[in-house]
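**Student:** Next come a sequence and a model predicted from it.
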Amino acid sequence: MSLLRFENVHKAFGGLKALDGVSISLEAGCMTGLIGPNGSGKTTLLNVLSGNLAPDQGDVIFDGRSIVGLQPSAIARRGVGRMFQITRLFRRLSTLDNLVTSGCAFGLSFHDALDRAERLIEELELTAVHDEDGGNLSGGQQKLLEFGSVFMGAPKIAVLDEPFAAIHPHMREVMVRFIRERHAEGHGFLIVSHDLPVVLGLTDDLIAMNAGQVVARGDADTVLHDPLVIEAYLGETAVS
Amino acid sequence: MNASHLRTRREFLVSLVFLAAVAAVPLFVTSGYLLGIVIVAMYYALLAIAWNLLAGYTGQFSLAPTAFAMIGAYGTGMASYHFGLPPAVGVPIAILVSAVIGMGLGRIVVPLRGPYLALTTIAFAEIVRHVARNAHEYTRGDFGMSVPLISSDRVMAFYLMLALLVAVQVGLYFLLRSHAGLYLQAIRDDETAAAGRGINVIFWKTVAFTVSGAICGFAGAMYVHFSGLASPDIGHIFETGLVLASVVIGGIGTMIGPLVGGFIVQFAAEGFREFGLRHMLVFAAMVILFVRFFRQGLWGLVKNAWDRLFGQGAARPARQVKEAGE
Amino acid sequence: MMTLELILQGLVMGVFYAMMGIGLTLIFGILKVVYFAHGESFMVGAYTYALIAALLGLPLPIALASAVVVGALLAVIVERLLIRPLYEKFGDWQQMRDEYAIIVTFGLSLFLINAANQFLGPYPYHGPALTDIARFQFGDIIIGGHRLVAGLLGLLILGGALWFIQRSFWGKQIRAVAQNRFGASIAGIDTRRVSALVFMLSGGLAALSGALLVPLFHAQPDVGMVPALKSFVIVVLGGMGSPIGAIIGGLILGVLESFGAFYVSYAYRDTFAFVILIAVLLLRPQGLFGERAREV
């Protein structure tokens, strides 16, 4: 049985069909890349998943139950870990407190949250900014911190929106290593990224979207040679 | 221990020292007039602490703290005026009523942010004040209702108010030390992120409004049993200004700032009155200057000076940290 | 015809509300914050008119013009000193701009009210009416002379302001900044100057509204508080950031109040506005005419 299923999801903003009948199924422990040109509906899909947007039509089944209509916090506690395209963290809480807060909210005891936070800070190489307010961290450090926050819980699926955009190559390495290890432990990943080489380095399972629809799904070879995908990307190039 | 805990604990310890000093005041001061000034200062400190919980720690810029003080004041005022109930019954009623109304308001304004929240709460505060002024049969309008004194002994009244202040400060400390404190601050910094990490934003915002409303109501009820009159002036917009001034001048988002700020504002108000200068004029100017130039208030200034004199880790500028990280 | 008279009275008040609201909505449009000191532009206009017309005895048009100038000047100074950090530094400030805007403009409002009280005293200053005719009568409808003249003048100014915002070159720049400050600045629009212009415009209009109402309400330190709170209601009613919405909202509020005061309760006449405000914010936060903004 699949872990996450989008069933014929529609979402329109005024006349613009951001999602036009999307159906996707993801297995537990998946490692899937979601690609597509700008405006193809990727972020909208994630917002529907995390409960920040309600779909006009269709259903989202997570772990055997519909999550449409649930509060974002409830969806997060069920095991959907969301990382935003624009880094979101608690700017006036220290690095450690950012992590501890998330840990407590995900149901850890204060003590356990503190333990796990210390370990994640090591692992994500944030020791130098252990007590610094989140808002004072560099862009890359903030991404890593947000990353760590998601893994203070035990997400069944971590949803990452452009995690590698505009960050230092070294931090990208830290992040990729982190993703591999967590995946090996059984956490699923859905990664939205423009950075095809990095995505391809992580996974061979791709979903391509264009104009609010899924146009291809499969291994990298199939998807990247799919005529619809090529058209989608070339179409974008032609316009811009 | 983590950074925010250390910060909160340091502020709490300093505030205990301050409260101990306040407790000693009646040993040296016998003038009922001066004790009265300190009692009023404690009232403002309570409102400031309650508002700071909402604005400073939860990021909810409500403009209705004095409306809740008024609800508390009229809660016990009406209980005593119409039913002859003693303060021992009236004050708990006042706390309950203001907590329930705080919960209702909090639940209703959950989806509103920034400017929309400020406008809704100021409208709420004005409605409460208009009702108090116009519902003559129940409130006696602008005349206000005379209320029995909680104690004819000023020193007794002083220590009752102080007990409340200490209880609130200690309670707040334990609230902030628990995960709840972190949740509230997380909501302040980024609601969407907080929800994304599993924090029930609706619940915790409502909690903040309820607790803050209850503290304000409690303070208002105690205040009328000290002053002897429940009147609509308690909820005047200038009073809200004084509460804001206390918090901003003392240091927003700290445990000690609003407490000391409340005292400063009340003492300075008395002082300026001597010179025939309107105290609100000075406070408003100070609020503008502080929020424009010293966002962290007096406590922030004191802390910086302390770090510069004694600390090794004297506040590094943020940019340096960034470079070290990259 | 009681109904018609109530409508007319309400529309006249609505014109003044709209003059207040249009400035507030423009400020919200370009900065996305509430400006709490708007009522003090009204107050300053009222005092300027009363002082110049009654104390110095200068002609009324000069008094009205000076009110506009003083109000506009005050608003521009405030913009330069206190508002500019909101958009100049917005990188660091994004998280805190709401709190800064609320505290600083609320503080400013209290400061100006108390400054007026300190230097001009708490007692009311009176100003002359624009016309000697005490009242006009059309059939059964009676309306005060000053009310009608001031209302018509206000309507004229309101039309001019609307033309300026919707049609003129400057107005287009204002709307560009309101839609996307960053985009507008890339397109070569001087956002500082637009911001100053918006404050000048809104300060001037609010001051004029205050000046025109002096013969009815007199000039007092806190005279701007109620109109300011009502202009929030209008702005919310019409959709925050929409000038036409502010005008329609102003007229609606004026008429509703006029009926409410007559049929429901005169004592609660100032309370209706707040009930409307809360109802609109909760049920239709985008206002009656606004479009819902998309978030996330």
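**Tutor:** Everything's here; your move.
**Student:** quick one: contacts for B:Ala187?
**Tutor:** No Ala there; residue B:187 is Ile. Applying Cβ atoms under 8 Å, 6 or more residues apart in numbering or on different chains to B:Ile187 gives the contacts B:Thr58, B:Gly59, B:Ala194, B:Ile199, B:Val201, B:Trp204, B:Lys205. For every residue, glycine as well, the C-beta is placed using N, CA and C.
**Student:** Tell me which stretches of chain A form strands.
**Tutor:** A:4-13, A:16-26, A:31-35, A:57-62, A:65-66, A:80-83, A:157-161, A:188-192, A:205-210, A:213-219 (DSSP state E).
**Student:** For chain C, find the nearest of those strands.
**Tutor:** strand A:4-13 (6.4 Å; Cβ to the nearest Cβ).
**Student:** Spell out whether that closest one and chain C are in contact.
**Tutor:** Yes - Strand A:4-13 comes into contact with chain C (Cβ under 8 Å from any Cβ of the partner chain), by way of A:Phe13.
**Student:** which neighbours does that strand have in its sheet, and in what orientation?
**Tutor:** Strand pairing for strand A:4-13, using DSSP bridges, gives strand A:16-26 (antiparallel), strand A:57-62 (antiparallel).
**Student:** where are the low-confidence patches of the chain?
**Tutor:** Just so you know, I chose chain A. Scanning chain A for pLDDT under 70 picks out the ranges A:1, A:234-240.
**Student:** wait, I meant chain C there
**Tutor:** By pLDDT under 70, the low-scoring segments of chain C are C:1, C:89-96, C:285-296.
**Student:** What about it, which residue is the most distant from its middle?
**Tutor:** Here chain C reaches farthest from its C-alpha mean at C:Gly139, the gap being 32.5 Å by Cα atoms, centre = their mean.
**Student:** what's the spacing between it and chain B?
**Tutor:** Remark: distance between C:Gly139 and chain B (Cβ to the nearest Cβ, to the nearest Å) = 35 Å.
**Student:** coming back round to it: can you redo the strands paired with strand A:4-13 as CSV with mean neighbour count?
**Tutor:** Formatted as CSV, the strands paired with strand A:4-13 follow (neighbours: other Cβ atoms under 10 Å in any protein chain shown):
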stretch, mean neighbour count
strand A:16-26, 19
strand A:57-62, 18
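**Student:** picking that back up, so which of the strands of chain A is the most packed in?
**Tutor:** strand A:80-83 (a mean of 27; mean count of other Cβ atoms under 10 Å in any protein chain shown).
**Student:** Please identify which helix or strand holds the closest residue to C:Glu79 other than its chain neighbours.
**Tutor:** Distance criterion Cβ to Cβ, 6 or more residues apart in numbering or on different chains; nearest residue to C:Glu79, sequence neighbours excluded, is C:Phe199 at 4.0 Å. Using DSSP states H and E, C:Phe199 maps to helix C:191-217.
**Student:** is chain B contacted by the helix or strand just after that helix?
**Tutor:** Later in the chain than helix C:191-217, the nearest helix or strand by DSSP H and E is helix C:225-238. Yes - judged by Cβ under 8 Å from any Cβ, helix C:225-238 comes into contact with chain B through C:Met225, C:Leu229, C:Phe232, C:Val233, C:Val236.
**Student:** Next, the buried residues of helix C:225-238.
**Tutor:** By neighbour count on 16 or more other Cβ atoms under 10 Å in any protein chain shown, the buried set for helix C:225-238 is C:225, C:227-238.
**Student:** Those into TSV, with extra columns for distance to C:Gly23?
**Tutor:** Formatted as TSV, those follow (distance: Cβ to Cβ, whole Å):
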residue	distance to C:Gly23
C:Met225	16
C:Pro227	11
C:Ala228	11
C:Leu229	15
C:Lys230	13
C:Ser231	8
C:Phe232	12
C:Val233	15
C:Ile234	11
C:Val235	9
C:Val236	15
C:Leu237	15
C:Gly238	13
